[in-house]
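*Asks:* Output the structure for:
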Amino acid sequence: MPADVSLTGFDDIRPAVNVTPRLTTMALPLAYAGTEAIGLALGEPGAITHVTVEGRLVVRDSTRDRAAG
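*Replies:* Okay, the predicted model is just below:
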């Protein structure tokens, strides 16, 4: 990796940086999402609410730079 195949993980777990090659991952604000979910569950019954949770791509060694071809 990444010459023949690229690998991307999900959730940016701590071991992602402790392996070789270091794992590219999608980091999510799970504590925020959990807090929002609890608020929705305890909120007004039937209320229509939308919550957007944005992830962040953390590029590390397990994916090749697209510009490198």
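*Asks:* contacting residues around residue 8?
*Replies:* By Cβ atoms under 8 Å, 6 or more residues apart in numbering, the contact set of residue 8 is 23, 24, 25, 26, 62, 63. For every residue, glycine as well, the C-beta is placed using N, CA and C.
*Asks:* So which of these belong to strands?
*Replies:* 24, 25, 26 (DSSP state E).
*Asks:* Hmm, residue 58 and the second one touching each other?
*Replies:* Same thing as residue 25. Yes: the pair residue 25 / residue 58 is scored as a contact, 5.2 Å apart, by Cβ atoms under 8 Å.
*Asks:* Would you mind listing the residues touching both of these two?
*Replies:* 12, 16.
*Asks:* So for those two, which residue has more residues nearby?
*Replies:* Neighbour totals were compared for residue 25 and residue 58, and residue 25 leads with 23 against 16 (other Cβ atoms under 10 Å).
*Asks:* show me the contacts for residue 10.
*Replies:* Applying Cβ under 8 Å, 6+ apart, the residues near residue 10 are 25, 26, 28.
*Asks:* Kindly confirm my reading that residue 40 is in a helix.
*Replies:* Yes: counting by DSSP: H, G, I helix; E, B strand; the rest coil, residue 40 falls inside a helix.
*Asks:* change the start of the numbering to 15 and stick with it
*Replies:* Yes, from this point I'll number from 15; that puts the last item at residue 54.
*Asks:* Name the strands paired with the helix or strand of the chain with the lowest mean pLDDT and say parallel or antiparallel.
*Replies:* Using mean pLDDT, DSSP states H and E, strand 22-24 stands out as the lowest-scoring helix or strand of the chain, at a mean of 87. In the sheet, strand 22-24 lines up against strand 38-41 (parallel) (DSSP bridges).
*Asks:* Residue 32: how many residues sit nearby?
*Replies:* Applying other Cβ under 10 Å, I find that residue 32 has 9 neighbouring residues.
*Asks:* With residue 23 instead?
*Replies:* Neighbour tally, residue 23, other Cβ under 10 Å: 17.
*Asks:* Mind telling me what element residue 63 is part of?
*Replies:* Counting by DSSP states H and E, there is no helix or strand that carries residue 63.
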